[in-house]
Every structure is written in structure tokens, then in C-alpha cells.
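Enquirer: Kindly generate the corresponding structure for this input.
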Amino acid sequence: MKLSIRFKLLTIGIVSVISSALSVLSVSLNEHQTLYANSVKESLVALTENTADDILLIMSDNNDSFLLRSALLRFERYEHIEYAILYDQNWNQIEIYLKPSLINKFEKELITITSKAPKNLPLGVSVLENSFYSLQEIGENKFLQGYLLVTHEYSNPIEKSQKELLKLTLPLIFIILAVAISATLFTIRQQLFPLLKLTVFTRHISRSKNYSKRFTVKGSDEVSTLASSINTLLEVINHEIKENQEKNNQLTEQKEAMYRLANYDQLTGLPNRRHIMTLLHELLQKHNALDQLVALLYFDIDYFKSINDRMGHEVGDKLLVEVGRTVTKLLEKDQILARLAGDEFLIIIPNPPSKQALFNITEKLTKAFNTPLVIEKWSIQTGISIGVSDTHDAGYKVNDLISYADIAMYHSKNFKKGTATFFNSQMLIESQRHTLIVNGIIDAVRDNEFQLYYQPKISNQGIVEGLEALIRWESKTLGSLSPSEFIPIAETSGKISDITKWVIDQVLDDLPRLLEYSNKNIVISFNISSYDLISGWLEDYIRQLISVRPNALQHLQFEITESSYLNDFDQANRLFSMVQEAGGSVALDDFGTGFSSLSYLSRIDIDTIKVDRAFIDNFINDYREKAVLNSILELSDQLGLNICCEGVENIEQAKYLIVKKCHLMQGFYFSAPTPIEELSIAVDQAQQRYQALGLF
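Expert: Residues are numbered from 1 along each chain as shown. The predicted structure is shown next:
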């Protein structure tokens, strides 16, 4: 139990006052007892001496017993005289006076005196058994007549006297004590009140933790000094707390910033790859234990790279943000959207109720991008291609779940952009073959597994003026591969540049033989991909090539599709201007199948238009397609462009095109693509087929 200073001081004060009062009372009683004893002694001595003198006179005259007794009876006047005994000079008792109240105790008292032997008592006053004994000689030594012994009560009178004293003094003492205690209380209260207030203040500070409060200091005593010191201490504590709070806030902000930096994409604010992988791992563990399904939607933005390159990275970044915002609005609270990298996103769908529910989600997402997105001044028409997988197919393995969704997403991109594809096991087989093809391209270049086939292009005059180089791949592990299979894979995997470079180098290596087998003005064309334009490597490579071999491009023609050209119009113009300046030429392949406007024909740097075989196949039987074909032929003539029609398969097609003055024709009617070793035969065959038309 803790005792307060006030209680301690009060206790000390009261105890001190009471102790002082008791000490004074004790001293007073002792002093009273001493004074009383001295007074009794003096009175008893005087009384004994006077009585002894009177008895001496009686004994000197006639020693009358009656007179002696009468002399002793004078002691009756004295309340506290117990008895008086008169002895002769030989200590024989002559007369005795006994206080009436002690008659019954006389024998006992007498025995006490006898046992003490009065003659052994000293002359004068002595104390024995709580009584004063006064022994006085009667007469002088030479004429000693006897002895007078007088006893006087001591204890009872002194007690009575002390009681009387106490009756008089105790009330006064209590009054003084009360006054002293009250004064002590008042003094303590007055002196300790600031200290008590300070105690209450410090307790309040301790409970509230509000170190900004201050104690009001009054005076200049020790308590005021203490209060000032406490205020100073509170100031220091408050300052330290504020500094610590600021540091803690900074640390918290830094921790949150580091957490967001580590776990969230800085551009879109969505969970990043690291964070979503952790969340997905935890979610799969949980749902595996509950035997619940988890679905994954993997999507990327269609034509994003083209948009990013044509409109700038700032627009591309804003497109990513807008796509993330649009998709987020369409998701439920428990569905998580994350950005993996680039334009690739991932959506976790926990416990979907059915496959139809997943289909509804994907349909809602793809339809959201049917309307163009407006970013800055651009109206951007894009979409998202989605791949869907779930734990039913992939188990609860994170990597498999993501991989299967990725495979399904690329299936959407390759077959129909802006749609969703649900993973199936056949896609895994296709994906494995896709991987083998991607990995095999470099080996094919190194091991010379690629081969060029050349298809003649014959003029309307019956002369083979051009050859198209068409690549073939006979893989040691995969067998014979069609360009329609491995070229798109090479484009999406970033390997197309290796193939394009190999084709250019091989054409240049074959060029002497090609000139020998055809004619010295022959033009060899080959396809380049939009990825070759976008990556920028081709421009650097051609610049390096013509710096070493200035005439290398004289017999080369670069074929590019209409859509690829217009995807990056400025870069394509820059590249093909350099090609033309170096003596090469440019052909616009598959004309009429793209999404461009005919107005671009007046702005692009090309030499030849290649009409897609789709316009050749049916124009004989379809007047509308014939009308379109005629328009293209007339337009190219008016623009001063050469025109080449591919896919010429029969005599009717060939005759009509020759009549319409089509510059070049290419197709199986004249010759199939052939290896260089058989090219001379193919050239002769093409010319013979022309002669067989019988037009000239």
C-alpha cells in the first residue's frame, strides 16, 4: 500500500503533537509528584517535630498516658496520617494512634513495621511500602526520652492529586491538541496543495499521454521549481515524441511506398507480376484445400505495339491505364486484375460458378472495347484477346495455370483477335510444337535447313522479268514445315529478323546463278514482315549492306503487305526511300485485302502493286470482282506503277490479264515455285506456257 506525502506529513505532525503533549503531561505529572512528595515531607517533618516537642513536655512532667494519647490524637485532623507510635528510649511501644479506616489493617501494618524494625529506620522522613515514615527523637541525645514514628499515606493521595490535575489539564490538552492538529492540517494543505495539484496534473499526463499540456507555475518555492522542471521535461518529451512520430510517419510512408513499389505497377496502380504470383499461390492453396475452382484470364491489347510505335509511348502508357481502368470497372470485388508486363494482364476469378459464367465475363470484357477509346486527340480502336484456364485443367499449379491461359490467349490472337479462347489439351500440343518451331529457327539458320524456291514472274510480252523467293524449311526434327505455319510463329516470337536476314543473304548468294538462268535484268522479290520494320534492324542492316556492296540491291525487290506498310507509314517510307536510292525496288503485296484507303497510293514510295489472288480466282465468273480488278489495273497505270497479279492458275486468267496489259503475272499456270537447281527449266516452261496462249 502506497502512502501519500500528505498522509505521512499529517501522521508525523499529529504524532509529534501528541508525543509533545504526552511528554509535557508526563513531565508535569512527575514534577507534580515530586513537588507533592517534598511538600508532604516538609509538612510531615514539621508535624512530627512539633508533636515530639509536645510529647517531650508531657513526658518531662508526669508522663501521663492520657495526655500522651491526647497528643497523638491531634493526628486525626490529618486525613492522610495512617498511624503514629510512641516509643521509649528502648524502643518499647508506649502509645499508638491509628487512623480509624485502618483499624482492620493495623495488625498487618504493625507486622510490617515490626519486620522492618523501627530502630533501623533513619531519623527524618523515609519512604516504605508506598508511605512516608517520619522518625523523630523525643529529647536530645543526653536526655533522650523516646521516639515518635508517624506514617503518612503516599500512593493514594498522589494518585488522587494526579487525577485532579488530569481533570484540570486534559481538556486543555485536548483543546491544544485539536488546535495543533488543525493548524498542522492547514499548514500541510497550504504547503502541499500545489504539490497535490502537480500530482494530479502528472497523473493526467500519464493517462492521457498528452505531453503538450503545461502546469501553471506560481511562486518561487521548491514546488514551483519542481513544476518548472516538469514543464521543461514535458517540453523535451513532447519534442522527442513529435520527432519520433515524424520519423515513424516517414518510415511508415517509406514502408508503404516500398511495398507499393515492390508489389504494384507504377503506371497502372495494379498488382504487378511479383504480387499477383504471391496472391495466386496463396489463393490456390486455399481453394485446393476447399476443393474449389480457380479460373485465370490472361489477355493482352490487340495492336498495342503498333499503336505505341505510331502514336508514341505516352499514348501507349495512357492506353494501358485506360484498359486497366475499364477492365477493373467490370470486375467483382473478389476478382483481381494485375499487369504482368508490357500490355499483358492477368485476372484471377476465384470459385466461378460455371463455365458459362466465365464466358459471360469474357464476353463482357471484349465487348467493352467495341467502342474506340479516346486518348488525347486519338480515337483508338483496339481490343483485348483473352485466354482462359482453370484449375480443372492445370490442377492447382501456378505455372501451369498461367501457361495454359497464355497458350489460350495466343490462340485467340492467331485465329481471331478481340475474342476469348478457353484452354484445351490440343492447344498444349500445338504450344509444344510452337515452342519447338521457335527454338528450331536459330538451328535452321545455323544448319542451313532453310531453302529458297523461286517462282517466275512473266511479263505481258512473254519474258521472265522477275522471280519471287519463297522460303521452305525441311527440319531434321519436325520434318517439312509450311511457311504459313512457321512464319507467323517467327513473327510473334521475334525470330522473323533471323529469317529475313537469311533470305536476303541467300538471294545475294544465289544472284549470279539467277542471272545466268534467267536474264541480266531479272528482279528477285521477297517478303519482309511488319516486325522487320518496327524493330528497326532492317534499316541498319541495309545501310551496312550497301556500304559494303553498293550495287547489292540493284536486282532486289522488297515486298510488304499493305497493312504492314501503313502500320508504320513514316518508317516504311524512310526505309524504302533508301532502298530505291540504292537501286532496289518496293512492291505492295496482297493489295486490296488491307484496311487502307486508296488515297495512300499517292503518298507511299512503291514501284509495284501485287494484286492478291483473291481478285484473280473468281473474276472470270463474277463481274463485280472483274470490275474491281479492272479498276486496280487502270489505277496503277494512271499512277505509273507496275502491277503484278499472283495466283494465275489457268489460260482464261492469263489471257485476260495480258489483254488488260498487266505487267507481270505469277502463278501455277506458268510455273510452280522451284529450287534454284531447276530454275532454268521453270523459266523455259513459263515462256512456253505464254507462247501456248497464242495471242501473238
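Enquirer: Help me confirm that residue 467 is found in a strand?
Expert: Yes - assigned with DSSP: H, G, I helix; E, B strand; the rest coil, residue 467 falls within a strand.
Enquirer: Just give me the residue closest to the centre of the chain.
Expert: With distances taken as C-alpha atoms, centre = their mean, residue 256 lies nearest the centre of the chain, 5.1 Å away.
Enquirer: Tell me the pLDDT of residue 243.
Expert: We have a pLDDT of 84 for residue 243.
Enquirer: so where's the longest helix in the protein?
Expert: For the chain, the longest helix by residue count, based on DSSP state H, is helix 5-61.
Enquirer: Look at residue 122 and give its secondary structure.
Expert: Following three-state DSSP, we place residue 122 in the coil state.
Enquirer: mind listing what it touches?
Expert: Taking C-beta atoms under 8 Å, 6 or more residues apart in numbering, we find residue 122 in contact with residue 135. The way it works is simple: take the backbone N, C-alpha and C, and place the C-beta from them, glycine included.
Enquirer: at 10 Å what do you get?
Expert: Taking C-beta atoms under 10 Å, 6 or more residues apart in numbering as the criterion, residue 122 is in contact with 133, 135.
Enquirer: Now do it against residue 139, distance only.
Expert: 18 Å (C-beta to C-beta, to the nearest Å).
Enquirer: Next: residue 453.
Expert: Residue 453 is 182 Å from residue 139, by C-beta to C-beta.
Enquirer: again, but for residue 640
Expert: Counting by C-beta to C-beta, the gap from residue 640 to residue 139 is 188 Å.
Enquirer: Among these two, which residue is more densely surrounded?
Expert: Between residue 640 and residue 139, counted using other C-beta atoms under 10 Å, residue 139 has the larger neighbour count: 17 against 7.
Enquirer: now that one, nearest residue through space, not along the chain?
Expert: residue 145 (4.2 Å; C-beta to C-beta, 6 or more residues apart in numbering).
Enquirer: Now the phi/psi pair for the one you found, please.
Expert: Residue 145 adopts backbone torsions of phi -100, psi -20, taken as degrees, to the nearest 10.
Enquirer: and it, how many neighbours does it have?
Expert: 21.
Enquirer: What distance do you get for it to residue 87?
Expert: The value you get for residue 145 to residue 87, if C-beta to C-beta is used, is 10 Å.
Enquirer: which residues are common contacts for these two?
Expert: 94, 138.
Enquirer: Who are the contact partners of the residue nearest to residue 139?
Expert: 52, 55-56, 58-60, 63, 86-89, 94, 137-139.
Enquirer: Can you mark which positions in stretch 486-500 are buried?
Expert: Neighbour-count burial for stretch 486-500 flags 486-491, 493, 495-500 (criterion: 16 or more other C-beta atoms under 10 Å).
Enquirer: next one: stretch 60-80
Expert: For stretch 60-80, using 16+ other C-beta under 10 Å, the buried residues are 67, 68, 71, 72, 75, 78, 80.
Enquirer: ends of it, how far apart?
Expert: 29 Å (C-alpha to C-alpha, to the nearest Å).
Enquirer: next one: stretch 57-74
Expert: 16 Å.
Enquirer: what does that stretch contact?
Expert: So stretch 57-74 is in contact with 47, 50-55, 81, 83-86, 88, 94-98, 138-139, 143, 145-146, 148, 150, going by C-beta under 10 Å, 6+ apart.
Enquirer: if you set the cut-off to 8 Å instead, what comes out?
Expert: With C-beta under 8 Å, 6+ apart as the test, stretch 57-74 has contacts from 51, 54-55, 84, 86, 94-97, 138-139, 145-146.
Enquirer: now that stretch, how far from the chain's geometric center?
Expert: 123 Å (C-alpha atoms, centre = their mean, to the nearest Å).
Enquirer: What of stretch 250-262?
Expert: 7 Å.
Enquirer: circling back to that earlier point, so for the buried residues of stretch 486-500, which is the shakiest by pLDDT?
Expert: pLDDT across those is lowest for residue 493, at 84.
Enquirer: State the distance from it to residue 399.
Expert: Distance check for residue 493 against residue 399: by C-beta to C-beta, it reads 19 Å.
Enquirer: which residue sits closest to residue 488, ignoring its sequence neighbours?
Expert: Nearest-residue entry for residue 488: residue 414, 6.6 Å, with adjacent residues in sequence omitted and distances by C-beta to C-beta, 6+ apart.
Enquirer: element containing the one you found, please.
Expert: Using DSSP states H and E, residue 414 sits within helix 398-415.
Enquirer: wait, doesn't residue 365 sit right on residue 299?
Expert: Yes - here residue 365 lies in contact with residue 299, judged by C-beta atoms under 8 Å, at a distance of 7.5 Å.
Enquirer: Neighbour count: the two, which is higher?
Expert: The residue with more neighbours, out of residue 365 and residue 299, is residue 299; 28 against 20, by other C-beta under 10 Å.
Enquirer: Let me know the distance separating that one from residue 333.
Expert: The spacing between residue 299 and residue 333, counted by C-beta to C-beta, is 20 Å.
Enquirer: again, but for residue 129
Expert: Distance from residue 129 to residue 333, by C-beta to C-beta: 109 Å.
Enquirer: can you check residue 17 too?
Expert: 78 Å.
Enquirer: Which segments of the chain make up each domain?
Expert: 5-162, 273-423, 435-692 (automatic domain parsing).
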